Structures are given as structure tokens and as C-alpha cells.
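**Student:** here you go, sequence then predicted model.
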Amino acid sequence: MSRIEVRWASDDDRQTWLRLRHSLWPDCPEEIHRIEVEQALALGGGAPLAHHAQSGVIGFAEISLRHEHVEGTSSAPVAYLEGWFVEEAFRRQGVGQVLVEAAARWATERGLSELASDAELANVSSQNAHEALGFLKTGRSVHYVRKL
């Protein structure tokens, strides 16, 4: 693998960040992607971007700071890995690990002691990737909403 540089997304990277978000969450409406990027920037979160010398930006991780209780954690606030994505041609080459380590550094620089995340129940490859990078499974749940 060619050398991967990690840099934090800036205002100039919004379109790239949105493109990568759409690749990770294709069923999410574009307007929701835009709102969530704005929220991440406004609330102190962000996204490390993996930059490949020949191919440009090939992946991202999205980090937030959650002040509410996060299942399985023992502190608050908690750094939360909202998601991470690597272009298919670059998977299984350590790019995801580089992005997650950037997220962990971001958290420790802010004095945080835990990095939490989640994966869909059916997404076994994501669960395996989390565990390979040192995440411990703390529970499984199904979420509900009741319209009022």
C-alpha cells in the first residue's frame, strides 16, 4: 500500500465528506447528510480523511462527542465513532485502522477515556472490523420508536 496521509476535514472538504458519507449510507437522503455534516462541525466533531498520493481521498471516519450516556461506557462525554468507510480498492490494507487511530488520538487529546461505536446487527463484517481494532462488544439491541 502506498503511504496514507490523514488530515482533518475542513470547510473545503464538505463535498468529499458528503460523497464518502453517501457511499457508506446510500439510503440516507442527501439533505440529512448535509445537516449531519453541519452538526458535526458545529458541535466539535469532525472527520479524519485518508488521502492516497495517487487516488486522493479514499476514506473517512466520522467522530462526534456524545454528552448523553452511551451504552457500555463508564464516562461522559464520550468520543463516538459514528462510522468509517474506505473505498473498496483500498480495504484490508490498514486504512480503516489508520482512521480509527486518528479518531482515538482526537479523543485522548480532549482528555476522553473511551471511544464508542456501533454496528448494525446484520453487518457482521463491520462487527469483525470493530473487534479487530480493539473494540469490545458491550451489548446488542433493537431500537424502537412510537409515533405520538
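**Tutor:** That came in fine, so what should we check first?

**Student:** what ranges does this structure have for its helices?
**Tutor:** 14-24, 30-42, 95-109, 124-132 (DSSP state H).

**Student:** which one of the ones you listed lies closest to residue 147?
**Tutor:** helix 30-42 (18.6 Å; C-beta to C-beta). C-beta here means a position set from N, CA and C on the backbone, and glycine is covered the same way.

**Student:** now that closest one against helix 14-24, angle please.
**Tutor:** 120 degrees (axes from the mean of the first three to the mean of the last three C-alpha atoms, to 10 degrees).

**Student:** buried residues of helix 30-42, list them for me.
**Tutor:** Within helix 30-42, the residues that count as buried by 16 or more other C-beta atoms under 10 Å are 33, 36, 37, 40, 41.

**Student:** please apply the same query to stretch 108-116.
**Tutor:** So, applying 16+ other C-beta under 10 Å, buried residues of stretch 108-116: 112, 114, 115, 116.

**Student:** how about those, which pair is most distant?
**Tutor:** Largest pairwise distance in these, by C-beta to C-beta, is 10.0 Å, between 112 and 116.
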